[in-house]
Every structure is written in C-alpha cells, then in structure tokens.
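Colleague: sequence and predicted structure are below.
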Amino acid sequence: LLRAQIEPHFLFNTLGAVQQLAEQGAQGAGRAAALTADLIAFLRASLAEMRSEQVPLQSEFDMVAAYLRVMQARMGSRLRYALDLPAEFAHATIPSMILLTLAENAIKHGIEPSLRGGEIRLSALRVGGMLCLRVQDTGMGLPASGAGSVPGGGLGLENVRSRLLLSDPSASLSLRDGEEGGVIAEIVLSINIASSLKEPAA
C-alpha cells in the first residue's frame, strides 16, 4: 500500500512541467534539463528504496531532497525547504519511504492549499536516547479536530505508523500544531546503526 502511494499525478504533472519548459525554447531548456535530472534522481532512489524494508537515513534524506527539488521546480517560490541530518545519524536505519510519505503529506495538505506557500524542514536529532525524525511545515495547519496522534482517515500516515511498529514496537508517530503555524510530524524510534556501517573499535 505504501509503495502504491507514489501517485501517478506526481509523475504526470512533473512531465507536464518539463514539457512546458521545453516549449519555451532556449529560455526554458536549462530548467527543463535540471527538472528532468531531479526527477530521474528521485525515481532511481525511490525504486531502490522500494526493494528494501530498512534503509540508511542518509538515503532517505537524499530521496526526499530529490523529491523536494522536483516540487520546488513546479511550485517556484511558494515552496522552500531545509534538511538537517547530523553525520552521527547518516547510517541509522529506518523503514524505507516513511519520511517521503510525511514530506508528501506536508506538501499536499499544508503547502499546496496555502496561497502563500510555505517551508518544509526535515531534521534528525537525539531525544532521550531515541532518534527523533521531524518534518515541519508552515502551511495550513491541522484541521480543528486533528491534534494529537495520527488522525483517522490518513492512509499514508496510518501506513507509516503500522510499519514503524512492525520494525520497532517502541516507535511512535505524532502530529501537533507548529509554533509558526503549520504542522510538526515527529517519528521517534530506537537508534539502530547497521553493524556493517559502525565505526571500528579503537
């Protein structure tokens, strides 16, 4: 179900944007080429992640960055973003595509419906010995009844929550109103550094 959520309209809309840029001739050719390169990078990364249940956090951040570059090319100045992944968590493993789902959710429900657009910030930090993954947007905010844990009816969020609990029973996903408006989605899970990627003992 999660894999099926790479919606066809994302691909078609992006290809439509490439076509529009290409039709501008030399003026749009460079932007069309850059958008195509970002789309290829996103599709390559997402297809690779679909084949894995667990992926390094760096790979997930790279895939989300490629997705956001594509969306920024389509939305222009209405979308701004920032990613903060400390080096100590680059090789921490997480269920694949969960951050992508949260980023897609933030754009679809937060940024796109807002006339002024907004910003998405992804970050990873240590909280009480656990890994906290935060996706914050400055978009429309939660519905009046949507505060707290995952609201009902959000298939993408329920899929994320289910996959988190399958991989780590102590994991959680929560949503709350952001301090600057918008929504903060937080995943908290155990820190799991792949043994093959751990630093050798001194």
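Modeller: Thanks, I have the structure now.

Colleague: drop to CA atoms for contacts and neighbour counts, all remaining ones
Modeller: Fine.

Colleague: who touches the biggest strand by length in the chain?
Modeller: Longest strand in the chain, counting residues (DSSP state E): strand 118-127. Contact partners of strand 118-127, identified using CA atoms under 8 Å, 6 or more residues apart in numbering, comprise 78-86, 89, 103, 106, 111, 131-139.

Colleague: what average pLDDT does the helix or strand that it is followed by get?
Modeller: Where DSSP states H and E defines the elements, the next helix or strand beyond strand 118-127 is strand 130-137. Averaged over strand 130-137, pLDDT sits at 96.

Colleague: where do the strands sit along this structure?
Modeller: 54-56, 79-84, 93-95, 118-127, 130-137, 148-149, 172-177, 183-189.

Colleague: what's the closest of the ones you listed to E158?
Modeller: strand 172-177 (9.2 Å; CA to CA).

Colleague: which residues touch G129?
Modeller: 190-191.

Colleague: could you report the distance from the nearest residue to V188 once chain neighbours are set aside to S46?
Modeller: The spatially closest residue to V188, leaving aside those adjacent along the chain, is C132, at 4.5 Å (CA to CA, 6 or more residues apart in numbering). Between C132 and S46 the computed distance is 22 Å (CA to CA, to the nearest Å).

Colleague: cool, E112 as well?
Modeller: 22 Å.

Colleague: also G110?
Modeller: For G110, the distance to S46 - CA to CA - is 23 Å.

Colleague: for L35, same thing?
Modeller: Relative to S46, and taking CA to CA, L35 is found at 16 Å.

Colleague: how about E186?
Modeller: 22 Å.

Colleague: list the contacts for the nearest residue to F89 once chain neighbours are set aside?
Modeller: Sequence neighbours aside, L57 is the residue nearest to F89 in space, at 6.9 Å (criterion: CA to CA, 6+ apart). L57 makes contact with 89-94, according to CA under 8 Å, 6+ apart.

Colleague: if we go to 10 Å?
Modeller: Applying CA atoms under 10 Å, 6 or more residues apart in numbering, we find L57 in contact with 63, 85, 89-96, 99, 124, 133, 193.

Colleague: closest to L166 out of the residues you listed?
Modeller: The nearest one, if we look at those relative to L166 and count by CA to CA, is P95, at 9.4 Å.

Colleague: report the contact partners of the closest one.
Modeller: Taking CA under 10 Å, 6+ apart, one finds 49, 52-57, 60, 160, 163-164, 166-168 in contact with P95.

Colleague: tell me which of the residues you listed has the lowest pLDDT.
Modeller: E49 (70).

Colleague: which stretches of the protein have low pLDDT?
Modeller: Low-confidence segments of the chain (pLDDT under 70): 1-8, 144-155, 195-202.

Colleague: what segments of it are helices?
Modeller: 8-22, 26-50, 57-75, 98-106, 155-167 (DSSP state H).

Colleague: show me how far the last one is from its chain's centre.
Modeller: The chain centroid and the centroid of helix 155-167 are separated by 14 Å under CA atoms, centre = their mean, to the nearest Å.

Colleague: ditto for the shortest one
Modeller: Centroid displacement of helix 98-106 relative to its chain, using CA atoms, centre = their mean, is 4 Å.
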